[in-house]
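*Asks:* Kindly generate the corresponding structure for this input.
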Amino acid sequence: MSGPLDGVKVLDLSRFIAGPLCGQILGDMGAEVIKVERPGGEDARLHEPFVNGESLYVMIYNRNKLGITMRTRHPKAHDLLVQLIKWADVLVENYRPGTLANMGFSYHELLALNPRLVVTSISGFGQTGPYAQRALFDAIGQAMSGLMSLTGPVGQPPMLTGAYIADYVAGFNGAIGTLLALIYRERTGKGQVVDVASVDALFSCLGTQPSAYVALGKEPQRQGSRDLLNAPANVFQAADGYVYMHAGTNPLFPKLCAIMGREELATDSRFSGVVERMENIDAIEAIVSEWTQRLSVAEVERLTAEVGIPCGPVLTVSQVVDLEQIKAREMLLTVDHPVAGPVALPGMAVKLSESPGEVRLPPPSVGQHNEHVYREILGLSEDEFDALVREGVI
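*Replies:* Sure thing, here's the model as predicted:
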């Protein structure tokens with residue numbers, strides 16, 4: 001079964017997470033993706049953990065791609081890039097703004113070469129604005145988007161999240177923008193630039209906080225794991241682990257009181273409504289915590305599930321990879337890598353009923369598809385190919 005992007009051709013000049021993830025999402029859905037690395041491989045190939053000497057970090061973001069090498073700043077690489085740009089429907093890059101132009105490929109030059117080209121540029125701060133030239137890694141994005149100021153225990157320093165959330169959100173937005181630009185191209189025949197900034201993407205996830213500050217002038221504070229609007233909704237310790245339970249809405253709170261055997265709390269003036277519970281949050285959390293600590297995680301799950309209270313165990317990574325729901329949804333896929341052998345990679349979060357994505361190609365080793373791409377797709381002769389290898393261009 002063909003994926004929805006079957007026939008779409010993508011040139012991926014990106015590295016690390018955001019750009020490669022964007023390209024991989026397109027590849028998962030059927031696009032033909034050519035990933036370009038410098039000879040010897042991109043810096044990310046040096047990142048742990050390793051399986052048989054191959055970086056899992058690279059594998060997670062680069063399946064369903066043909067892997068080639070190219071010294072893109074070499075004078076003889078320019079013509080190769082021109083051919084690949086003319087071949088492509090989409091170009092994905094996450095250089096610092098202005099880098100492509102310095103290579104001789106400004107956006108105007110790219111669209112002159114290929115008027116239907118969608119150029120997806122993912123950067124830290126975007127292509128415009130006073131911070132456009134600043135370098136950014138994920139942690140800086142979390143810091144400068146406002147997310148870090150909201151993350152961490154009450155009264156403690158700001159904290160980084162446990163995953164590279166800025167890079168992921170930028171990659172997702174890059175894929176969404178690319179799809180929108182492809183739809184526009186189908187209607188008009190025109191390519192365009194998709195400009196995604198990590199800070200913009202993460203800032204857009206802050207919910208009501210920025211708007212509330214502008215409207216009310218109140219600086220949001222870190223709340224730990226508490227819900228911002230309702231209580232009790234927090235991480236609670238059980239006898240053998242932790243659960244996150246949300247019973248803070250007016251319909252849910254009486255149900256919690258009932259399963260705790262504390263029906264009187266539902267009409268207690270301190271807890272009778274959302275506003276009252278938030279004003280007395282420490283008191284209601286202490287009562288709930290005392291109850292959960294007498295029970296196992298499984299018992300809390302069972303009792304809350306019976307009355308429809310959202311609740312789940314706080315799982316470790318080792319527990320979640322064995323979770324039946326994760327297996328049923330195929331969120332871990334075993335892929336045979338040409339060097340590392342069988343490896344478990346994240347599955348596809350988007351499930352399409354008629355044209356689902358699939359893993360057609362394992363993440364490539366360095367330059368694995370050089371001969372196929374340069375000889376068969378670009379049509380170089382054997383002598384031309386050998387000369388590029390000899391001169392260190394590829």
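
*Asks:* Next, the residue most central in space within the chain: phi, psi?
*Replies:* Among the residues of the chain, the one closest to the centroid is Tyr168, at 2.1 Å (CA atoms, centre = their mean). When read as degrees, to the nearest 10, the backbone of Tyr168 gives phi -70, psi -50.

*Asks:* check contacts around it.
*Replies:* 17-18, 21 (CB atoms under 8 Å, 6 or more residues apart in numbering). Heads up, the C-betas are built off the backbone N, CA and C, glycines and all.

*Asks:* would you turn those residues into CSV with distance to Val58?
*Replies:* What follows is the contacts of Tyr168, written out as CSV (distance: CB to CB, whole Å):
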residue, distance to Val58
Ile17, 10
Ala18, 14
Leu21, 12
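
*Asks:* Could you list which of the residues you listed belong to helices?
*Replies:* Secondary structure of the contacts of Tyr168 is defined by DSSP state H; positions in helices are 18, 21.

*Asks:* Before we move on, what's the pLDDT of the spatially closest residue to Ser225 that is not a sequence neighbour?
*Replies:* Computed as CB to CB, 6 or more residues apart in numbering, the closest residue to Ser225 that is not its neighbour in sequence is Val235, at 4.4 Å. pLDDT, the model's per-residue confidence, is 98 for Val235.

*Asks:* Kindly report the same for Met1.
*Replies:* At Met1, pLDDT is 63.

*Asks:* again, but for the one 10 residues further on
*Replies:* Reading off the confidence values, Leu11 has pLDDT 98.

*Asks:* What's opposite it in the beta bridge?
*Replies:* Ile34, Leu91 (DSSP bridges).

*Asks:* which outside residues touch stretch 370-379?
*Replies:* 34, 66, 68-69, 80, 83-84, 87, 380-382, 385, 388, 394.

*Asks:* so where's this structure shaky on pLDDT?
*Replies:* 1 (pLDDT under 70).

*Asks:* go again using 90 as the cut-off
*Replies:* 1-2 (pLDDT under 90).

*Asks:* Just send the contacts of Tyr168 back as CSV, with distance to Gly261 and neighbour count too.
*Replies:* Below are the contacts of Tyr168 laid out as CSV (distance: CB to CB, whole Å; neighbours: other CB atoms under 10 Å):
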residue, distance to Gly261, neighbour count
Ile17, 48, 23
Ala18, 50, 30
Leu21, 48, 25
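
*Asks:* And the contacts of Tyr168, which is closest to Val51?
*Replies:* Closest approach between the contacts of Tyr168 and Val51, by CB to CB: Ile17, at 18.5 Å.

*Asks:* quick one: the residue nearest to that closest one when sequence neighbours are not counted from Leu21, how far?
*Replies:* Sequence neighbours aside, Asp167 is the residue nearest to Ile17 in space, at 3.8 Å (criterion: CB to CB, 6+ apart). Applying CB to CB, to the nearest Å, the value for Asp167 to Leu21 is 7 Å.

*Asks:* What are the boundaries of the helices in the stretch 151-300 of the chain?
*Replies:* In the stretch 151-300 of the chain, the helices defined using DSSP state H, counting those that start in this stretch lie at 165-188, 198-203, 209-216, 253-260, 274-279, 281-292, 297-307.

*Asks:* out of those, which comes closest to Ser353?
*Replies:* Closest among these, using CB to CB: helix 165-188, at 17.7 Å.

*Asks:* mind listing what's buried in the closest one?
*Replies:* Neighbour-count burial for helix 165-188 flags 165-175, 177-179, 181-182, 185 (criterion: 16 or more other CB atoms under 10 Å).

*Asks:* ok, now which ones touch the residue nearest to Ile17?
*Replies:* 16-18, 21, 138, 141, 198.

*Asks:* could you show me where the strands are in the stretch 251-394 of the chain, in order?
*Replies:* 311-313, 332-337, 341-346 (DSSP state E, counting those that start in this stretch).

*Asks:* hmm, who's touching the shortest one?
*Replies:* With CB under 8 Å, 6+ apart as the contact definition, strand 311-313 has outside contacts at 241-247, 297, 300-301, 304-305, 319.

*Asks:* again, 7 Å this time
*Replies:* By CB atoms under 7 Å, 6 or more residues apart in numbering, the residues outside strand 311-313 that reach it are 241, 243-245, 297, 300-301, 304.

*Asks:* No further questions, thank you.
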